[in-house]
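Student: Need the 3D shape of this:
(one chain, ligands or ions: 1)
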Amino acid sequence: MPTLERLRADHAEALFAFERDNRGYFARTVPDRGDAYFAHFTDRLGALLAEQEEGVCHFHVVLGDDGEVAARVNLVDVDPADGSAELGYRVAERYAGRGLATAAVREVCGAAASYGLRALTAVTHEDHLASRRVLERTGFTATGRFLLDGRPAVRHRRSLEGLMP
Ligand SMILES: CC(C)(COP(=O)(O)OP(=O)(O)OC[C@H]1O[C@@H](n2cnc3c(N)ncnc32)[C@H](O)[C@@H]1OP(=O)(O)O)[C@@H](O)C(=O)NCCC(=O)NCCS
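Tutor: Next comes the predicted model:
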């Protein structure tokens, strides 16, 4: 049973393998992270963990039974003014199509409320039907359309009010 954990320094090796092994798969739907991301992975992870300490963002990994990273779900750009953050997620190719993104996003909504966040936003390309389905099923509603990298995209929002501890 995959388990969600808040990102820690000791996830580094498994997280690197997840990003490296799925790089080509992710690049089909989201922008590639670039060679520098992989070359300076440890330094960048350290910087992200420092931001997490400051409450600017909250990162999570979903671990498979053997400890490998099956997915990650990130909350970035926490806005202290309105208590919102932007949701992002990616699931390893070998775990796709099993409901993992849906389950992980649901769980992260609960975690986000426990961090004191009041709403989440998310952006996806209009033709990314799997991602839109995940957002629909986890309580997000479309709030606007715009062009992202020259292609139609949809903004979504979900209130966390009902989940506040
Ligand atoms: C998008 C992504 C997160 C989905 O993860 P997942 O664990 O496979 O998602 P789930 O199984 O929870 O749900 C996917 C839903 O989309 C549906 N779906 C998948 N492909 C579809 C398609 N081409 N058309 C319509 N629906 C589709 C699935 O049937 C499922 O819905 P259902 O359970 O009602 O049948 C995963 O494919 C991924 O990480 N892709 C690469 C990175 C990425 O695109 N991230 C999102 C950026 S916005």
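Student: Confirm that Ala36 sits in a strand.
Tutor: No - counting by DSSP: H, G, I helix; E, B strand; the rest coil, Ala36 is not found in a strand; it is helix.
Student: Kindly state the pLDDT recorded for it?
Tutor: Predicted confidence (pLDDT) at Ala36: the value is 97.
Student: ok, now how distant is it from Val76?
Tutor: 19 Å (Cβ to Cβ, to the nearest Å). Glycine gets a C-beta too; all of them are placed from N, C-alpha and C.
Student: okay, those two: which has more neighbours?
Tutor: Val76 (15 against 9; other Cβ atoms under 10 Å).
Student: how about that one, what does it touch?
Tutor: Val76 makes contact with 56-57, 85-86, 88 under the criterion Cβ atoms under 8 Å, 6 or more residues apart in numbering.
Student: who's in contact with stretch 135-146?
Tutor: Contacts with stretch 135-146, where a contact means Cβ under 8 Å, 6+ apart, come from 102, 105-106, 109, 120-122, 124, 126, 152-158.
Student: Please save the CA atoms from stretch 137-152 in PDB.
Tutor: The C-alpha trace of stretch 137-152 is given here as PDB (Å, rounded to 0.1, in the frame of the first residue of the first chain):
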ATOM      1  CA  ARG A 137     -12.400  13.900  -8.700                       C
ATOM      2  CA  THR A 138     -10.600  15.600  -5.800                       C
ATOM      3  CA  GLY A 139     -13.000  18.600  -5.500                       C
ATOM      4  CA  PHE A 140     -11.300  21.200  -7.800                       C
ATOM      5  CA  THR A 141     -13.400  23.400 -10.100                       C
ATOM      6  CA  ALA A 142     -12.200  25.300 -13.200                       C
ATOM      7  CA  THR A 143     -11.900  29.000 -12.500                       C
ATOM      8  CA  GLY A 144     -10.400  30.300 -15.800                       C
ATOM      9  CA  ARG A 145      -8.700  29.600 -19.000                       C
ATOM     10  CA  PHE A 146      -5.400  31.000 -20.400                       C
ATOM     11  CA  LEU A 147      -2.500  30.100 -22.600                       C
ATOM     12  CA  LEU A 148       0.400  28.100 -21.000                       C
ATOM     13  CA  ASP A 149       3.400  27.700 -23.200                       C
ATOM     14  CA  GLY A 150       1.200  28.700 -26.200                       C
ATOM     15  CA  ARG A 151      -1.500  26.000 -25.500                       C
ATOM     16  CA  PRO A 152      -4.900  26.300 -23.800                       C
END
